[in-house]
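J.: Mind folding the following:
(one chain, ligands or ions: 2)
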Amino acid sequence: NPAASTSPRDHLNPEQRAAVEYAGAAPLLVIAGAGSGKTNTLAHRVAHLVLGGADPAAILLLTFSRRAAVEMTRRVERILGAASDDPTLARAALAWAGTFHGIGARLLREYAERIGLGQNFTIHDREDSADLMNLVRHELGFSAKEKRFPTKQTCLAIYSRVVNTEAPLADVLKETFPWCAMWEDDLKALFGAYVTAKQRQGVLDYDDLLLYWAHMVSEPTLAAELGARFAHVLVDEYQDTNRLQASILKALKPEGQGLTVVGDDAQSIYAFRGATVRNILDFPQQFPQPAQVVTLERNYRSTQPILAASNAVIGLAAERFTKNLWSERAATQRPQLVTVHDEADQARYIVGQVLARREEGVRLKKQAVLFRAAHHSAPLELELTRRNVPFVKFGGLKFLEAAHVKDLLAVLRWAENPRDRVAGFRAVQLMPGIGPKSAARIVDLVEAANDPVVALADFQPPSSAGEAWATLPQLLGELRTRSAWPADIERARRWYAPHLDRKYEDAAIREADLLQMERIAASYPNRERFLTELTLDPPDATSDESGVPLLDEDYLILSTIHSAKGQEWDSVYLLNTVDGCIPSDLATGSSAEIEEERRLLYVAMTRAKDALHLITPQRFYVTQQAGGGDRHVYAQRTRFIPAAMLDSFEQAVWPVAGGGAAAGAVTAPPQAVIDIAARLRGMWN
Ligand code: ATP
Ligand code: MG
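T.: Ligands and ions are numbered 1, 2, ... in the order given. Model (predicted):
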């Protein structure tokens, strides 16, 4: 309903309007369930502030993803456009809307000198950070010492958790990584060396963006300056922030005036990454004056039966602040709980449903398939491809994580900061005849040299490198001295083309990706902004957010539940609604983890507006970790929907027994058998 998103103020309900117009001295907290209009209210509040004369550049809007920031900015513009005849108002772009990490990067760039941080730092994504961790680990000889030393990813995860929770290493090990506790001393040494390496090379990892930002505002003059610069600070999805983020807000707005946070404790799903729901629960008491608290109870998104089922699921949560929601969207159709034989049938069922809805006029873009883990969608992707249904996947591997895209970015990043070893290491190995050994020598040379380009040109490459070597110093020289944007990226792409051909069989497809990247690059003002923002939050293949529509036709959305946060679709299909997938079998450790999985199911269900299908394959295949090949396991419906809750759902079996079942499909057990099995399971769930 487009009218809803552009709705003038008088369509807001009284609680929403109170939040929009609130002008008191205490901070404002909007805490409410899914689909109650929190994000919409935040957009209206921003528009209200601008209409009231606030300078858009003095509004800091923090969202969970860059996509959310772009959507919010557009929503604000639409509201302003509808509310005012002044066209300049509608174009009053919010300069400071983004994620904590993205905004942090921009502020650090701007204030680098004043906090003693070099101007041309580069930013490492998770993979780069893990690579650097690995380099350091090798230098310290930990990997050789004992094979069971934690992997580079685990090391990084532990490090990151310590930083984000501000908890001592020993506690983090004990609580979250008990199998690594025996390495505590070695990990301390490793993390120390990792930090030194980052400093020496002028690189920041994701966590540093928050750390340095927090450090910056721990300095009272800078904190006061920034606090004054941003008269209004507004945060969406506050339940998924961590302690560092809360401390940044506190430093910016010690009195709380001008600070608005919104969220839903029932949707906190990032504790596994160090977020803490205490931030939102304790918010009211964190300031000299207790926060103004607004709660919203009407849901505008989902039909009543969908909401009732979602309420039932979250109703069994151990702890919860937000109350049950109600909806005026009456409907007779309850959410479907569909039993299928296996994952192949699950895929066939979904594609059939999706296409049927499309026939009824629900575009593919208005439908989404959600799943707990990115690899769950593989059989569905096959089926969609087979049946020519276009789709786009959120979460999981992103465009910029593809090897060839990272190659090209490494070259640009190295030109930006020649001390960045991970970038250099990758870039020089694109040359023929250069392996890891030579690469390590080259980055050493470059790091030590006054002029990296001269050092490269003087380097005597192995004879196998041949003539090609000379093109590298030449490229680097041009990128460093005659940099022009976006021409740089075209220059680098042309340089890379012959190497791409050599490295990859499917070079033509990859070349097309790089051209795509060049088009995306053109929408950024300069190389540094491009590198920063893309590293922090790579666009998905659909990104018209960068001004470049990559896929203009209709497509189905595939998304992890985590990436689906804050969004909504007419029809939602949830894959593998079984124990072992949700809750994930990785998360059966503590009750806190199980509770987070329950909230995850709640988030998934509350994305649906009109139709919701939860699908339970009776068996699915798991890949054995230790080389044992695949095996199939029998699945049980998720424990979060116990037998007593089944009334909230429409139960179905597909394919219908005796009906035109797909060739080869095994007939599903009769309904009575399923019901009894469900009742039995209910006895011990
Ligand atoms: P989530 O918890 O999932 O992030 P939310 O609380 O942020 O949800 P929104 O996304 O802001 O909810 O709103 C959900 C839907 O309800 C949107 O389609 C929005 O346009 C609509 N909506 C919100 N408030 C109103 C209103 N007062 N009148 C009509 N529609 C509304
Ligand atoms: Mg929202």
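J.: so how many other residues sit close to residue 113?
T.: 9 (other CB atoms under 10 Å). Quick note: C-beta positions are derived from backbone N, CA and C, even for glycine.
J.: Does it touch residue 119 like I think?
T.: Yes: with contact defined as CB atoms under 8 Å, residue 113 reaches residue 119; the gap is 6.9 Å.
J.: For the stretch 451-600 of the chain, list the residues in contact with ligand 1, please.
T.: Neighbours of ligand 1 within the stretch 451-600 of the chain, by CB under 6 Å from any ligand atom: 566, 568.
J.: for the helix or strand containing residue 175, what is the average pLDDT?
T.: Using DSSP states H and E, residue 175 sits in helix 169-176. The average pLDDT within helix 169-176 is 91.
J.: Counting neighbours, what do you get for the nearest residue to residue 209 once chain neighbours are set aside?
T.: Once flanking residues are discounted, residue 209 sits nearest to residue 104: 3.9 Å by CB to CB, 6 or more residues apart in numbering. Neighbour count for residue 104, taken as other CB under 10 Å: 27.
J.: same thing with residue 463?
T.: 7.
J.: Contact partners for it?
T.: If you count contacts by CB atoms under 8 Å, 6 or more residues apart in numbering, residue 463 has them with residue 433.
J.: any idea how far ligand 1 is from it?
T.: Residue 463 sits 60 Å away from ligand 1, going by CB to the nearest ligand atom, to the nearest Å.
J.: Check residue 150 too.
T.: For residue 150 relative to ligand 1 (CB to the nearest ligand atom), the value is 35 Å.
J.: ok, now residue 356?
T.: When residue 356 is compared with ligand 1 (using CB to the nearest ligand atom), they lie 24 Å apart.
J.: Quick one: the helices in the stretch 351-500 of the chain, in order.
T.: 378-386, 403-416, 421-428, 436-448, 452-458, 471-481, 487-503 (DSSP state H, counting those that start in this stretch).
J.: Find the closest residue to ligand 2 in the protein.
T.: Among residues of the chain, the one nearest ligand 2 by CB to the ion turns out to be residue 39. It sits 3.2 Å away.
J.: still on that earlier bit, can you tell me what sits against the helix holding residue 175?
T.: The contact list for helix 169-176, computed with CB under 8 Å, 6+ apart, reads 158, 161, 162, 165, 180, 181, 184, 187, 188, 191.
J.: Highest neighbour count among these?
T.: That'd be residue 187 among the contacts of helix 169-176, by other CB under 10 Å, with 25 neighbours.
J.: Quick check, that one in contact with residue 155.
T.: Yes: counting by CB under 8 Å, residue 187 sits close enough to residue 155 to count as a contact (6.9 Å).
J.: which one of the contacts of helix 169-176 sits closest to residue 14?
T.: Using CB to CB, residue 165 comes nearest to residue 14 of the contacts of helix 169-176, at 38.5 Å.
J.: Please name the residues that touch the closest residue to that closest one other than its chain neighbours.
T.: Distances taken as CB to CB, 6+ apart place residue 274 nearest to residue 165, at 4.8 Å, with adjacent residues excluded. By CB under 8 Å, 6+ apart, residue 274 lies in contact with 160, 161, 163, 164, 165, 242, 243.
J.: Apply 7 Å and report the result again.
T.: 161, 164, 165, 242 (CB atoms under 7 Å, 6 or more residues apart in numbering).
J.: for the record, mean pLDDT for stretch 578-597?
T.: The pLDDT scores in stretch 578-597 average 84.
J.: make that stretch 275-285, sorry
T.: 94.
J.: And the residue of the stretch 151-300 of the chain found nearest ligand 1, how far from residue 36?
T.: Taking CB to the nearest ligand atom, ligand 1 has its nearest neighbour within the stretch 151-300 of the chain at residue 300, 3.3 Å off. The spacing between residue 300 and residue 36, counted by CB to CB, to the nearest Å, is 7 Å.
J.: Settle it for me: which of the two has more neighbours?
T.: residue 36 (28 against 20).
J.: give the contact list for the closest residue to that one other than its chain neighbours.
T.: Using CB to CB, 6+ apart and skipping residues adjacent in sequence, the residue nearest residue 36 is residue 296, 3.9 Å away. Residue 296 makes contacts with 15, 16, 30, 32, 36, 37, 38, as judged by CB under 7 Å, 6+ apart.
J.: give me the element the second one is part of.
T.: In this structure, residue 16 sits in helix 14-21 according to DSSP H and E.
J.: Flag every buried residue along stretch 413-432.
T.: Going by neighbour count (16 or more other CB atoms under 10 Å), the buried part of stretch 413-432 is 413-432.
J.: if we can go back for a sec, hmm, the residue of the stretch 151-300 of the chain closest to ligand 1 is touching residue 40, no?
T.: No: look at residue 300 against residue 40 with CB atoms under 7 Å: they stay out of range, at 8.2 Å.
J.: quick one on the thing from earlier: return the subset of the contacts of residue 296 lying in strands.
T.: residue 30 (DSSP state E).
J.: so where do the strands sit in the stretch 251-400 of the chain?
T.: 259-263, 292-294, 298-299, 326-327, 336-340, 367-371, 391-394 (DSSP state E, counting those that start in this stretch).
J.: pLDDT weak spots in the stretch 551-685 of the chain?
T.: 551-552, 587-589, 621-632, 657-685 (pLDDT under 70).
J.: How are the helices of it distributed by residue range?
T.: With DSSP H, counting those that start in this stretch as the criterion, the stretch 551-685 of the chain has helices spanning 591-605, 671-684.
J.: And for the stretch 51-200 of the chain?
T.: Counting by DSSP H, counting those that start in this stretch, the helices of the stretch 51-200 of the chain are 66-83, 87-90, 100-111, 126-140, 142-145, 152-165, 169-176, 184-201.
J.: looking only at pLDDT, what's the mean for the last one?
T.: When pLDDT is averaged along helix 184-201, the result is 94.
J.: And for it, what's in contact with it?
T.: 132-133, 136-137, 139-140, 142, 155, 158-159, 169-170, 173, 204-205, 419-421.
J.: List of residues touching the helix or strand just after that helix?
T.: As assigned by DSSP H and E, the chain's next helix or strand after helix 184-201 is strand 203-205. Residues lying outside strand 203-205 but in contact with it, judged by CB under 7 Å, 6+ apart, are 121, 122, 123, 124, 129, 198, 212, 420.
J.: Kindly recompute the last result at 10 Å.
T.: 104-105, 108, 117, 121-126, 128-130, 132-133, 156, 159-160, 163, 194-195, 197-198, 211-212, 413, 417, 419-423, 532 (CB atoms under 10 Å, 6 or more residues apart in numbering).
J.: pLDDT score assigned to residue 525?
T.: 85.
J.: Show the backbone phi and psi for it.
T.: Dihedral pair for residue 525: phi -70, psi -30, per degrees, to the nearest 10.
J.: Low-confidence ranges, this structure, go.
T.: Checking the chain against pLDDT under 70 turns up 1-10, 90-92, 144-147, 395-401, 537-552, 587-589, 621-632, 657-685.
J.: mind redoing it with 50?
T.: The model of the chain has pLDDT under 50 over residues 1-7, 541-551, 624-627, 660-669, 682-685.
J.: Write out the residues of it neighbouring ligand 1.
T.: Near ligand 1, when you scan the chain using CB under 6 Å from any ligand atom, you find 4-5, 7, 11-13, 16, 34-40, 264, 267, 300-301, 566, 568, 606.
J.: hmm, back to that, out of the contacts of strand 203-205, which are buried?
T.: 104-105, 108, 117, 121-125, 128-130, 132-133, 156, 159-160, 163, 194, 197-198, 211-212, 413, 417, 419-423, 532.
J.: sorry, back to before: who's in contact with the residue of the chain closest to ligand 2?
T.: 30, 63, 64, 68, 71, 72, 75, 236, 237, 262, 566, 567.
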